[in-house]
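Enquirer: structural data only, the sequence is not supplied:
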């Protein structure tokens with residue numbers, strides 16, 4: 001049956017009770033192959049690299065949440081980005097947000113250029129700059145909004161209009177907000193990507209990535225890539241992310257409430273030199289965020305003024321964890337210059353504003369008073 005509300009979709013889409021036993025959770029199908037009834041006769045499953053019932057349930061769920069035609073899950077977020085780029089061939093051109101996850105830039109600049117693809121990085125907050133960068137060879141524009149880690153905003157609808165005017169597809173990395181807070185397909189995106197490791201999973205225990213397409217040709221392409229490259233998501237991780245999706249709406253409401261409170265606190269703190277959070281009216285992208293998002297989320301970055309100050313802060317934390325990743329129920333803190341963007345040169349980081357004093361914060365679902373108390377005592381050490 002069709003589900004209207006987001007929470008209902010998150011709990012039920014793709015996760016109907018098991019027909020054999022009535023189990024309300026999708027079983028973990030730990031099988032590499034399936035018995036066939038005869039030559040060319042099977043029950044819809046032949047080999048686990050191609051399809052798996054647990055993985056299929058997750059894909060149905062994520063397609064429903066993003067409003068896409070189909071979803072295709074991979075072993076990690078980077079595997080999903082790599083699969084996205086298999087749509088390209090030698091000589092094709094991709095335009096990308098200049099401020100983007102360091103792993104994405106590393107894949108583009110260190111690996112895919114060797115296969116004849118070309119990449120141009122632009123300030124995607126200005127759609128005119130994207131349009132100016134489009135050439136006859138351009139096949140894809142890939143953006144984040146908000147960007148990682150500078151939290152710059154991109155007007156997705158405006159960029160989609162530019163892309164479609166030139167016959168170029170738009171893909172949007174929606175990891176920072178999840179489909180609960182932002183739905184790029186509604187705004188005109190052709191493809192949505194997530195690291196499912198983050199908010200979709202929500203418990204820091206399941207690695208994965210997903211591409212959600214909007215057309216039958218996306219379904220055909222990404223299913224084929226799953227089959228021939230084998231970078232698919234395993235059944236147990238599929239189960240973990242399905243488990244996480246069921247509480248996505250509940251968690252995102254808490255993430256959003258806590259994120260707003262922490263941002264307001266940091267914005268007033270004398271040791272914070274600058275804060276990057278689109279939920280604050282002072283943020284240059286606040287109007288865009290308020291228009292295209294259903295909330296501001298829990299991701300933010302702030303400047304402490306140098307590596308020594310940053311190290312003093314992260315070393316003093318007790319409740320919040322210095323760790324890679326984001327989107328877990330626990331508050332996670334990262335030092336972008338040495339972690340997510342450590343593969344960039346100093347010159348590249350400087351150009352983007354990723355200083356040695358920049359801290360990225362993924363505010364968790366703890367009681368906000370405890371988060372604030374931990375941040376306060378750590379900032380006292382700076």
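Expert: All right, it came through fine. Treat the numbers as computed from the prediction; the structure is a model and nothing was measured.
Enquirer: ranges for the helices of this structure?
Expert: All helices of the chain, identified by DSSP state H, fall at 6-12, 53-66, 77-84, 102-110, 127-133, 156-165, 178-181, 216-229, 235-246, 248-268, 286-292, 307-316, 346-352, 368-379.
Enquirer: just send these back as JSON lines, with distance to residue 47, mean neighbour count and mean pLDDT too.
Expert: Any C-beta I mention is one placed from the backbone N, CA and C, and that applies to glycine too. Output for the helices of the chain, formatted as JSON lines (distance: least, CB to CB, whole Å; neighbours: other CB atoms under 10 Å; pLDDT from 0 to 100):
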{"stretch": "helix 6-12", "distance to residue 47": "29", "mean neighbour count": "18", "mean pLDDT": "96"}
{"stretch": "helix 53-66", "distance to residue 47": "12", "mean neighbour count": "23", "mean pLDDT": "98"}
{"stretch": "helix 77-84", "distance to residue 47": "19", "mean neighbour count": "23", "mean pLDDT": "98"}
{"stretch": "helix 102-110", "distance to residue 47": "28", "mean neighbour count": "18", "mean pLDDT": "95"}
{"stretch": "helix 127-133", "distance to residue 47": "41", "mean neighbour count": "17", "mean pLDDT": "98"}
{"stretch": "helix 156-165", "distance to residue 47": "36", "mean neighbour count": "20", "mean pLDDT": "98"}
{"stretch": "helix 178-181", "distance to residue 47": "30", "mean neighbour count": "25", "mean pLDDT": "98"}
{"stretch": "helix 216-229", "distance to residue 47": "9", "mean neighbour count": "16", "mean pLDDT": "97"}
{"stretch": "helix 235-246", "distance to residue 47": "13", "mean neighbour count": "22", "mean pLDDT": "98"}
{"stretch": "helix 248-268", "distance to residue 47": "31", "mean neighbour count": "20", "mean pLDDT": "98"}
{"stretch": "helix 286-292", "distance to residue 47": "41", "mean neighbour count": "17", "mean pLDDT": "98"}
{"stretch": "helix 307-316", "distance to residue 47": "46", "mean neighbour count": "17", "mean pLDDT": "98"}
{"stretch": "helix 346-352", "distance to residue 47": "43", "mean neighbour count": "14", "mean pLDDT": "90"}
{"stretch": "helix 368-379", "distance to residue 47": "46", "mean neighbour count": "16", "mean pLDDT": "98"}
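Enquirer: out of those helices, nearest to residue 28?
Expert: helix 235-246 (4.7 Å; CB to CB).
Enquirer: would you list the helices of the chain in a markdown table and tack on distance to residue 276?
Expert: Formatted as a markdown table, the helices of the chain follow (distance: least, CB to CB, whole Å):
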| stretch | distance to residue 276 |
| --- | --- |
| helix 6-12 | 27 |
| helix 53-66 | 26 |
| helix 77-84 | 22 |
| helix 102-110 | 16 |
| helix 127-133 | 20 |
| helix 156-165 | 19 |
| helix 178-181 | 17 |
| helix 216-229 | 33 |
| helix 235-246 | 27 |
| helix 248-268 | 9 |
| helix 286-292 | 11 |
| helix 307-316 | 15 |
| helix 346-352 | 12 |
| helix 368-379 | 16 |
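Enquirer: looking at the ones you listed, which is nearest to residue 334?
Expert: Of the helices of the chain, nearest to residue 334 by CB to CB is helix 307-316, at 8.7 Å.
Enquirer: show me what residue 140 is bridged to.
Expert: residue 94, residue 169 (DSSP bridges).
Enquirer: and it, what pLDDT?
Expert: With respect to pLDDT, residue 140 scores 98.
Enquirer: show me what contacts it?
Expert: Counting by CB atoms under 8 Å, 6 or more residues apart in numbering, residue 140 touches 84-85, 87-88, 92, 94-95, 168-171.
Enquirer: skipping its backbone neighbours, what lies nearest residue 27 in space?
Expert: residue 18 (5.8 Å; CB to CB, 6 or more residues apart in numbering).
Enquirer: ok, residue 77 next?
Expert: Closest to residue 77 by CB to CB, 6+ apart is residue 195, at 2.8 Å.
Enquirer: also residue 192?
Expert: Nearest non-adjacent residue to residue 192, counting by CB to CB, 6+ apart: residue 212, 4.4 Å away.
Enquirer: relative to residue 326, how far out is the one you found?
Expert: For residue 212, the distance to residue 326 (CB to CB, to the nearest Å) stands at 20 Å.
Enquirer: list the contacts for the residue nearest the centre of the chain?
Expert: Centroid-nearest residue in the chain: residue 175, 1.7 Å away (criterion: CA atoms, centre = their mean). Applying CB under 8 Å, 6+ apart, we find residue 175 in contact with 77, 144, 148, 193-195, 198-199, 327.
Enquirer: could these go into a markdown table alongside distance to residue 12?
Expert: A markdown table is the format used below for the contacts of residue 175 (distance: CB to CB, whole Å):
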| residue | distance to residue 12 |
| --- | --- |
| 77 | 26 |
| 144 | 30 |
| 148 | 31 |
| 193 | 24 |
| 194 | 20 |
| 195 | 24 |
| 198 | 22 |
| 199 | 19 |
| 327 | 22 |
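Enquirer: just those residues now: which is nearest residue 6?
Expert: residue 199 (13.6 Å).
Enquirer: right, and the helices of the chain - which one's nearest residue 121?
Expert: Closest among these, using CB to CB: helix 102-110, at 7.7 Å.
Enquirer: could you give the angle of the closest one to helix 77-84?
Expert: Counting by axes from the mean of the first three to the mean of the last three CA atoms, to 10 degrees, helix 102-110 lies at 40 degrees to helix 77-84.
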